[in-house]
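In: prediction below, plus the sequence it came from.
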Amino acid sequence: MPLLTLRIAAAPDRELAARAAALVQRHTVELLGKPPGLIAVAVDFVDPATWFVAGQALAGSGKRSFALDIKVTDETNTKAEKARYIAAVFASFEQLFGPLHEESYIHVHDVRAAAYGYGGRTQEWRYQQRA
């Protein structure tokens, strides 16, 4: 059910993509309590020469950067859970990618249940069916 989109400032690398996807999958299950079978992760790579921070290309900095967007159903996670998730993902990516630019982002989108779903059904519909 959670949809994760990860952009990494690096040359395309299938092994790196798989390792990064596995890390966010694990943290999403362990820290946000999401079912592993419903997590989708899309990984894109961006050339560091075209990733700019404060007007400067990342390519010459000796650091990597990333942007992670995750969509979860609103009211299913607390502020504390999301804060732990953001800290854990950043720390794990720092170990995986090496030195990270501080301007690396994680955005947990709380999406309304009536406006979000998969398989042609909204999360609100699923909630009502369980009730």
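Out: Done, it's in.
In: alpha carbons only for contacts and neighbour counts from here, please
Out: Noted.
In: quick check: phi and psi at Leu38.
Out: Per-residue torsions, Leu38: phi -110, psi 10 (degrees, to the nearest 10).
In: ok, now the one 10 residues further on?
Out: Listed backbone geometry of Pro48 is phi -60, psi -20, with angles given as degrees, to the nearest 10.
In: ditto for Ser104
Out: Backbone geometry at Ser104, expressed as degrees, to the nearest 10, gives phi -110, psi 140.
In: wouldn't it be in contact with Ser65 here?
Out: Yes - counting by C-alpha atoms under 8 Å, Ser65 is a contact partner of Ser104 at 5.1 Å.
In: the more surrounded of those two?
Out: Ser65 (25 against 17; other C-alpha atoms under 10 Å).
In: per-residue pLDDT, the more buried one?
Out: Looking at Ser65, its pLDDT is 97.
In: distance check, it against Arg130.
Out: As judged by C-alpha to C-alpha, to the nearest Å, Ser65 and Arg130 stand 41 Å apart.
In: strands along this structure, start to end?
Out: Residue ranges of the strands in the chain, as given by DSSP state E, are 3-9, 40-46, 52-53, 56-57, 66-73, 105-111, 117-118, 121-122.
In: count the neighbours of Trp51 for me.
Out: Trp51 is flanked by 18 other residues according to other C-alpha under 10 Å.
In: residues touching it, list them.
Out: Ala9, Ala57, Leu58, Ala59 (C-alpha atoms under 8 Å, 6 or more residues apart in numbering).
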